[in-house]
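> Just need the structure, nothing else, for what follows:
(2 chains)
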Amino acid sequence: MAKARYTTHLGMFDILPDESPKWRAIEEIIHEEAAKFNFEEIRTPIMEQTELIKRGVGQLTDIVTKEIFAFTKGDSHYVLRPELTAPVVRSFVEHHLDQRGGSQKLYYIGAMFRAERPQKGRQRQFHQFGLEIIGSDDPVADVECIAFMMQIYKRIGIKNFDLKINSVGDPESREKYKSVLRDYLKPHFDKLSELSQKRFEKNPMRILDSKESEDQTFIKNAPVISDYLNEESSTHFEAVCDYLKKLNIEFTLDPLLVRGMDYYTRTAFELTSPDLGSQDALAGGGRYDLLVEEIGGQPTPAVGFAAGIERLLIACEELDIQLSEPKSVDIYIISLGEAARTWALTTLPKFREKGVSATMDYLGRSMRAQMKDANRENASFALIVGDNELENDQFTLRNMKESDEQTLSLEKILAFFNKN
RNA sequence: GAGCCUGUAGCUCAGUCGGUUAGAGCGCUAGUUUGUGGCACUAGAGGCCGUGGGUUCAAUUCCCAUCAGGCUCCCCA
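Residues are numbered from 1 along each chain as shown, chains lettered A, B, ... in the order given. As a prediction, the model looks like this:
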């Protein structure tokens, strides 16, 4: 311990060899399902301009006010991306992706950074996958977005969750609702929590999201936004719900659902899991019809979601879901003596060319130790080579699972692997 | 920013009501007949008992501080 002088930073973790296959498995599922939906992958830099994140995510959000890793070098203000919606929209605008025609359906997998106190399901470097559909305000886009999200969990085998949805309204509906909400809360202002008092003027809807005990009674009896949606927002939301039902995607309406980023409009949704403990949000998202314009593009409607991969892994752990096979190798060449080692080294490529995974001992160990190693590496076959074998071109091929051996020429051994 | 908890071997953890060479299981290395794994057995390597200070004849153990980590609130994925 005292000797380990260098460590990862707080809240940042290595993904070690025993863990990385699970990550690969999840990533493969995401890529495969995205392909089925005809979504395209986008990759953006880890760092963005600080101003983009401030404008995109919102000056007053927790993410911007206390959670960004930002630094300045020369005249440039860098920030490690805390989320990927604003960067994807930045890329959309910067590269005029609208000119590709139609709506852009962009998915991503990557690392995000937020300077929070780590706890279970919360890290400073964490990973998300997500989707942004930019250029459509059709409820079909909202629903395909949700359907893709749900499909990933379904594929992986996570069934225990709760999809909550709400509409936070368009600007017109929202202003109306905000004033109604302020009128309702005003008489009780002094009794609200400090945080809620702060939010009262600029963003009273966030008060609905408060977990402070003193706010709860007011929240419970507060007017709900669904009663104040204008016809357009209302129709849109009803269509989203209707389509979800037609797809047999179960959800619950949650009039108190308000999301942490400022850019959300109309549809908002969140997927939570009882298997996660206190950080129970698996994924969240919604529509952000004003963000593209806010960032400097043409007014363009959009909808998206982001999902935490670490939280997904926690859920898999809780549910005992096996994401990956144990490690294994097809052939382990066991060599005795220098000539055999050379033969082993030069024979490995002949297997690999056939797509057969092959390895050998790197430590010059005894036969027994090599057999143990072959076993530990979960080798299907051990190919045993010594001076006699080299002389006669007859090698021992041991089936490690069946524990039986046969003696064959190299040609026959290679042919044997042709068939498999 | 606040609260609670924890730091002993690579990992998971015992333990010392303060007292000579600090333990287990797993893992690792080597061996148990000549060139054969898993099981079993034997041996071995590997610890400034997180760090600093205090009390004491004596501290890994008690006290204080500090650092690190975990969990929780807030918020989010």
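> Quick one: name the residues of the stretch 1-150 of chain A near RNA strand B.
Within the stretch 1-150 of chain A, the positions adjacent to RNA strand B are A:1-3, A:7, A:9-11, A:61-63, A:83, A:114, A:116-123, A:126, A:128 by C-beta under 7 Å from any atom of the strand. C-beta: built from backbone N, CA, C; applies to glycine.
> and those residues, which of them are in strands?
If you go by DSSP state E, these have A:Phe126, A:Gln128 in strands.
> mind showing which ranges of the stretch 201-350 of chain A have poor pLDDT?
Along the stretch 201-350 of chain A, segments meeting pLDDT under 70 span A:211, A:213, A:260.
> hmm, 50 instead?
For the stretch 201-350 of chain A, applying pLDDT under 50 flags no range at all.
> Report how far apart the opening and closing residues of stretch A:204-222 are.
Terminal residues of stretch A:204-222 are spaced 11 Å apart (C-alpha to C-alpha, to the nearest Å).
> For it, buried residues please.
A:Pro204, A:Met205, A:Arg206, A:Ile207, A:Leu208, A:Asp209, A:Ser210, A:Asp215, A:Phe218, A:Ile219, A:Ala222 (16 or more other C-beta atoms under 10 Å).
> Repeat that for stretch A:156-168.
Buried, per 16+ other C-beta under 10 Å, within stretch A:156-168: A:Ile156, A:Ile158, A:Phe161, A:Leu163, A:Lys164, A:Ile165, A:Asn166, A:Ser167, A:Val168.
> go on, stretch A:270-284?
Neighbour counts using 16+ other C-beta under 10 Å place A:Glu270, A:Leu271, A:Thr272, A:Ser273, A:Asp275, A:Leu276, A:Gln279, A:Asp280, A:Ala281, A:Leu282, A:Ala283, A:Gly284 of stretch A:270-284 among the buried residues.
> and those as a markdown table, adding secondary structure and distance to A:Ile134?
Formatted as a markdown table, the buried residues of stretch A:270-284 follow (DSSP: H, G, I helix; E, B strand; the rest coil; distance: C-beta to C-beta, whole Å):
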| residue | secondary structure | distance to A:Ile134 |
| --- | --- | --- |
| A:Glu270 | strand | 21 |
| A:Leu271 | strand | 21 |
| A:Thr272 | strand | 26 |
| A:Ser273 | coil | 28 |
| A:Asp275 | coil | 32 |
| A:Leu276 | coil | 30 |
| A:Gln279 | coil | 28 |
| A:Asp280 | coil | 29 |
| A:Ala281 | strand | 23 |
| A:Leu282 | strand | 23 |
| A:Ala283 | strand | 19 |
| A:Gly284 | strand | 18 |
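> before we move on, the earlier item: so which of the buried residues of stretch A:204-222 is the closest to A:Ser173?
Nearest to A:Ser173 out of the buried residues of stretch A:204-222 is A:Met205 (C-beta to C-beta; 11.3 Å).
> where does the closest one land in three-state SS?
At A:Met205 the chain is in helix, as set by DSSP: H, G, I helix; E, B strand; the rest coil.
> Counting by contacts, list what whichever strand or helix holds A:Phe92 packs against.
Per DSSP states H and E: A:Phe92 is located in helix A:85-94. Packed against helix A:85-94 by the contact rule (3 or more C-beta pairs under 8 Å, 6 or more residues apart in numbering; DSSP states H and E) you find strand A:47-49, helix A:50-57, strand A:104-113, strand A:125-134, helix A:291-294, strand A:302-308.
> These: which one's closest to A:Arg174?
helix A:291-294 (14.7 Å).
> For that closest one, name the packing helices and strands.
Checked by 3+ C-beta pairs under 8 Å, 6+ apart, helix A:291-294 has helix A:50-57, helix A:85-94 packed alongside it.
> what ranges do the helices span in the stretch 51-200 of chain A?
Secondary structure of the stretch 51-200 of chain A (DSSP state H, counting those that start in this stretch): helices at A:62-66, A:85-94, A:139-156, A:171-185, A:194-202.
> nope, the stretch 301-420 of chain A is what I was after
Secondary structure of the stretch 301-420 of chain A by DSSP H, counting those that start in this stretch: the helices cover A:309-318, A:338-353, A:367-376, A:387-392, A:410-419.
> Turn those helices into JSON lines, including mean neighbour count.
Converted to JSON lines, the helices of the stretch 301-420 of chain A look like this (neighbours: other C-beta atoms under 10 Å):
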{"stretch": "helix A:309-318", "mean neighbour count": "20"}
{"stretch": "helix A:338-353", "mean neighbour count": "15"}
{"stretch": "helix A:367-376", "mean neighbour count": "15"}
{"stretch": "helix A:387-392", "mean neighbour count": "13"}
{"stretch": "helix A:410-419", "mean neighbour count": "13"}
